[in-house]
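Engineer: Sequence first, predicted model second:
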Amino acid sequence: MFAAIAYLVLAVILCTTAWMIRLPYIAIFFYWSALSLFLVSLAYIANAGKVFRKRQNGTIPWYIRWAFIPFLLGAQLYNAWQRRNDKVPPIRKSSPVYSSPADFSRPMLIP
């Protein structure tokens, strides 16, 4: 619920900023970003993933994709920043994986 409220507050801030800006192209970008954040917050608050209109084959219609571009770009930037600043190495050594019952018939060698 925290994310929904944070996105809603950011959408209101972006709408207010767009209203105060006199340059129309920049204002349109702020309104577009506000719409995107408002739709995401609405999906979180209403617990309605139907906002995304995802089809059976996993694709999203072009108009929904365009509405969410500012949010998705922001998510990509945040994830890239998090990966760059993460202290945990990206690849970890894991235990062996057995793929078939025949693998269990062999004794497991523990080093």
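Structural biologist: It's in.
Engineer: what residue ranges in this protein score low on pLDDT?
Structural biologist: Residues of the chain meeting the criterion pLDDT under 70: 90, 92-111.
Engineer: So which residues of it form helices?
Structural biologist: In the chain, helices defined by DSSP state H lie at 2-20, 24-46, 62-85, 101-105, listed in chain order.
Engineer: Now do stretch 54-65: everything it contacts.
Structural biologist: Applying CB atoms under 8 Å, 6 or more residues apart in numbering, the contact partners of stretch 54-65 are F52, R53, F68. From N, CA and C alone the C-beta is placed, and that goes for glycine too.
Engineer: Could I have the ChimeraX command that selects the buried members from those residues?
Structural biologist: In ChimeraX, a selection of the buried entries from the contacts of stretch 54-65 looks like this (16 or more other CB atoms under 10 Å):
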select :52,68
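Engineer: Pretty sure Y31 sits against T16.
Structural biologist: No: here Y31 lies out of contact with T16, judged by CB atoms under 8 Å, at a distance of 10.9 Å.
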